[in-house]
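# Kindly generate the corresponding structure for this input.
(one chain, ligands or ions: 1)
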Amino acid sequence: MTPTLERENVNGKTQPSGEDHDASRKARQDASSDNGGYWAALALLLGLLVPVLGFVAIWMGFSAHDARKDANKAVKAVSSGSAMPGMDMSGGSGLQSFAGQGPANADTLAKKHVAMNATLPPVASGPVARVELVLVDKTIEIAPGVKYTAWAFSGGVPAPFIHVRQGQKVELTLTNKGVIPHSVDFHAARIAPNVAFKDVQPGGSIHYSFIANDAGAFMFHCGTKPVLAHIANGMYGAIIVEPRRPLPHADKNYVLVASEWYLSSPGFPKPATLDMGKAQRQQPDWVSWNGYAGQYVTHPLTADPGETVRFWVVDAGPSFDTAFHVVGTILNRAWVNADMTQFQRNVQTALVPAGGAGVFDVKIDQPGLYPFVNHSFASVDLGQVGLLNVGNVKGTMSH
Ligand SMILES: [Cu+2]
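Numbering: from 1, shown residues only. The predicted structure is shown next:
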């Protein structure tokens, strides 16, 4: 900082060293005389510098204040109710956390909840896979008894899983039945985004196609600004592109989409909406597998002992990465970043970045309850945990 540098300079000049004892009187006088001129000039300079620096400091203070004001204005503009009809995006919670909150009968509701089927659907037959996405505004449940007014592709968050084969043509139609513009951005596509991913007005639709040339697991999501709000509100899903060359056999294939929820209110009895302030500060109230916190704890995924279970993990974010880990075992194969050309062996935890994916095999011989988690454990606290029940065992698991 300038003030610190200035202070150091002044101290340096005003504290001459005592090494001039041996110099002649004349020399000292000359030096003294020279120094006198020097000090006078320096004093003048400093005299001028102080007010200038003072002014700069005041100006910087005002600039910072203005910048903050501008930033706040921008946030308000982005998150104003008028910009997002039907949404309260004013950050009205004051960043108060509603984590873990639910109605008194939350446990009963958790048991009654119908968990999203995580099983990978069969691959679309024929050379062309037709995908029809319909955007609807819909109130969904994101945790036991916790309601949220979402923007959902085809009625679900995440959207229904799409499964195609490498080389297949994907013919996509998005119809917007919401009240504001939306779009769809497929990470599996190599396509001009300004053409294919453009906004669709309410009541309108868009059609585009691409060849799924890249194998792997991919996110798709609404790309309309502010993208943070559109993803946080539920506009995402997973497309699995099965490699042309068959993978090693798996007995079970499960798709897990990781995502965060940022709530304007507890979500009961009235549904919550998006708190844009929390989303911007990455302070979620809930984090989930397939859109609903803890759903596979009460309704575990299943496998028989010795079976190979393949997890297709897609991280929809909008902002958190996922450190994928299965408690009690090691990932036998890890196609990190869903690069299906090669896998790593015997990995304890694999990173799935926001907007990315990974494919992981486990083969568990010993019956038991094996939690699959985001090993960034704050997310487990907020609901991103599920169970793999190997061998249909009874009981529960604490984490
Ligand atoms: Cu959208």
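# Without its sequence neighbours, what residue ends up closest to the residue positioned nearest the centre of the chain?
Per Cα atoms, centre = their mean, the C-alpha nearest to the average position across the chain is that of residue 319, at 1.7 Å. Computed as Cβ to Cβ, 6 or more residues apart in numbering, the closest residue to residue 319 that is not its neighbour in sequence is residue 282, at 4.9 Å. Yep, even glycine has a C-beta here, placed from its N, CA and C like the rest.
# I figured the one you found was touching residue 320, is that so?
Yes: between residue 282 and residue 320 there is a contact under Cβ atoms under 8 Å: 7.1 Å.
# Pull the contacting residues for the residue in the stretch 201-350 of the chain that the ion sits nearest to.
The ion sits closest to residue 222 of the stretch 201-350 of the chain, with a gap of 3.0 Å, by Cβ to the ion. Counting by Cβ atoms under 8 Å, 6 or more residues apart in numbering, residue 222 touches 135, 151, 153, 182, 183, 184, 185, 230, 231, 235, 236.
# Only the buried residues of stretch 103-118, if you could.
The neighbour-count check on stretch 103-118 (16 or more other Cβ atoms under 10 Å) flags 106, 109, 110, 113, 115, 116, 118 as buried.
# And the average pLDDT for stretch 139-150 is what?
Mean pLDDT, computed over stretch 139-150, is 98.
# what about it and the ion, touching?
No: using Cβ under 5 Å from the ion, stretch 139-150 stays clear of the ion, with a minimum separation of 10.6 Å.
# So what's the gap between that stretch and the chain middle?
Centre-to-centre, stretch 139-150 and its host chain are 19 Å apart (Cα atoms, centre = their mean, to the nearest Å).
# ok, now stretch 275-294?
Using Cα atoms, centre = their mean, the offset of stretch 275-294 from its chain centre is 9 Å.
# Pull up the distance across that stretch, start to finish.
Start and end residues of stretch 275-294 are separated by 22 Å (Cα to Cα, to the nearest Å).
# next one: stretch 177-184
Counting by Cα to Cα, you get 14 Å between the two ends of stretch 177-184.
# For the stretch 51-200 of the chain, which residue gets nearest to the ion?
residue 182 (3.4 Å).
# mind listing what that residue touches?
Taking Cβ under 8 Å, 6+ apart as the criterion, residue 182 is in contact with 135, 151, 174, 176, 199, 200, 222, 224, 230, 235.
# which of these has the most neighbours?
For these, the largest number of neighbours (other Cβ atoms under 10 Å) sits with residue 235, at 30 neighbours.
# Quickly list what residue 333 is bridged to.
With DSSP bridges as the criterion, residue 333 is bridged to residue 345, residue 361.
# you'd agree it is up against residue 342?
No: using Cβ under 8 Å, residue 333 is not in contact with residue 342; the gap is 10.0 Å.
# Provide the secondary structure category for residue 379.
Secondary structure, DSSP: H, G, I helix; E, B strand; the rest coil: residue 379 is helix.
# Now do the helices in the stretch 201-350 of the chain.
Ranges of helices within the stretch 201-350 of the chain are 227-232, 276-281, 295-298, based on DSSP state H, counting those that start in this stretch.
# Summarise which helices and strands the first one is packed against.
When contacts are defined as 3 or more Cβ pairs under 8 Å, 6 or more residues apart in numbering; DSSP states H and E, helix 227-232 packs onto strand 216-221, strand 252-261, helix 276-281.
# what mean pLDDT would you report for that helix?
Regarding helix 227-232, the rounded mean pLDDT is 98.
# Return the alpha-carbon coordinates of that helix using CSV.
Output in CSV follows, covering the C-alpha atoms of helix 227-232 (Å, rounded to 0.1, in the frame of the first residue of the first chain):
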residue,chain,number,x,y,z
VAL,A,227,-27.5,-18.9,-15.9
LEU,A,228,-26.8,-19.2,-12.1
ALA,A,229,-30.5,-18.6,-11.5
HIS,A,230,-31.8,-20.9,-14.2
ILE,A,231,-29.6,-23.8,-13.0
ALA,A,232,-30.3,-23.1,-9.3
